[in-house]
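Provided below are the primary sequence and the corresponding predicted coordinates.
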Amino acid sequence: MRATLGVWALPCAFVIQRRNWRYNGTNKKNLMEVSSMLFKHPFLNLNMGLVKENFVIAKKDDKNFWEARGFKKIRKYPIFRYKPNSSEIIMLGVPLSIEAFGNEVLKNSHIVDVCTYCGTYGMGGPGFFGLKLQGEYGTRWLTYCIWSASEHILFDDNVLQCHPDYAEKYAPLIVFDDYANSLEKFKELLSDMAIKEVALSQESIEIMLVDSSDKLHYIKSYKCSDQFPEQGSTGKKRNSFEDGKMSDYWLVTYDETHLKV
């Protein structure tokens, strides 16, 4: 919903009192402070794990559609090297944790796509890992929101990605030297699967998948594991996250929306 301040159109004799100061038409800085406090968007700085915002660039004609999904228009929102055209608006929403979305709701969801570069920090991406799911609820993304998430995910006990310096040691499923083809093979593999169970603890997650032959497969992650590779920049292993619990870093979002850190 768009809010209009309106006080700029009032005579300079208009007086605002706050924090023991008085605006008499000369203190523009203080008025801007009040404007910011009064009209700060409720979905800015969510601080859900690493995620600050969940935004969508929508057509103005689709405003009601996204409002029905809980999104609210924001007048100005910085997106690196992108400016909405006259037919577009930017809207912010709130992602859901697995618990809030419903663990039971995720069951029987079919995997229709995989992405190893979800999320944005403005000039690039943090490398979130996302599963695009289809279910009775429609289409959603289940995203692991940590830096270089694919290096901290095991599929059937094989790490998804690692720095090329450690490829021989860890034999990742998605390889740096043949990224596009190996990612496509992984997508094809998962496209035959659906979620059977999701088990969460403070420091781990296990997503049980079942394929069309009723064979079980597992996507797993841990706060800390020797199965995770060293980092290319430091040559050292790191935890998947430091603060909070595993469920803080798995978020469910609508398709066509973006997560910003």
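Everything's here; your move. Computed from a prediction, not measured in an experiment: that's the story for all the values here.

and Gln134, how many neighbours does it have?
15 (other C-beta atoms under 10 Å). Every residue, glycine included, has its C-beta placed from N, CA and C.

right, and it touches Asp113 too?
No - Gln134 lies out of contact with Asp113 (C-beta atoms under 8 Å); the separation is 9.3 Å.

what about stretch 206-217, distance to the chain center?
On the basis of C-alpha atoms, centre = their mean, to the nearest Å, stretch 206-217 sits 25 Å off its chain's mean C-alpha point.

list the buried residues for stretch 149-168?
For stretch 149-168, a neighbour-count test (16 or more other C-beta atoms under 10 Å) marks 149-155, 159-163, 166 as buried.

could you tell me how many residues sit around Lys196?
For Lys196, using other C-beta under 10 Å, the count is 17.

please identify the helix or strand for it.
In this assignment (DSSP states H and E), Lys196 forms part of strand 193-200.

list the buried ones in that strand?
By 16+ other C-beta under 10 Å, the buried positions in strand 193-200 come out as Met193, Ala194, Ile195, Lys196, Val198, Leu200.

now the residues you listed in a markdown table, with distance to Asp243?
A markdown table is the format used below for those (distance: C-beta to C-beta, whole Å):
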| residue | distance to Asp243 |
| --- | --- |
| Met193 | 31 |
| Ala194 | 32 |
| Ile195 | 27 |
| Lys196 | 30 |
| Val198 | 22 |
| Leu200 | 17 |
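
would you turn the residues you listed into a markdown table with distance to Val210 and pLDDT?
Output for the buried residues of strand 193-200, formatted as a markdown table (distance: C-beta to C-beta, whole Å; pLDDT from 0 to 100):
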| residue | distance to Val210 | pLDDT |
| --- | --- | --- |
| Met193 | 6 | 98 |
| Ala194 | 6 | 99 |
| Ile195 | 8 | 99 |
| Lys196 | 5 | 98 |
| Val198 | 13 | 98 |
| Leu200 | 19 | 98 |
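
closest to Ile57 out of these?
Closest approach to Ile57 among the buried residues of strand 193-200 (C-beta to C-beta): Ile195, at 28.8 Å.

low-confidence regions, the stretch 1-150 of the chain specifically.
1-39 (pLDDT under 70).

which parts of it are helices?
Under the criterion DSSP state H, counting those that start in this stretch, the stretch 1-150 of the chain contains helices at 28-38, 63-68, 98-101, 103-106.

before we move on, the earlier item: between the buried residues of strand 193-200, which is closest to Leu50?
Leu200 (17.7 Å).

hang on, the closest one packs against Tyr222?
No - in this structure, Leu200 is not within contact of Tyr222 by C-beta under 8 Å, at 11.7 Å.

follow-up on the earlier one: just the buried residues of stretch 149-168 now: which is nearest Lys260?
Distances from Lys260 to the buried residues of stretch 149-168, taken by C-beta to C-beta, are shortest for Ala149, at 15.5 Å.

residue contacts, that closest one?
Thr116, Gly127, Phe128, Phe129, Ser221, Ser240 (C-beta atoms under 8 Å, 6 or more residues apart in numbering).

now with 6 Å, please.
With contact set as C-beta atoms under 6 Å, 6 or more residues apart in numbering, Ala149 has these partners: Gly127, Phe128, Phe129.
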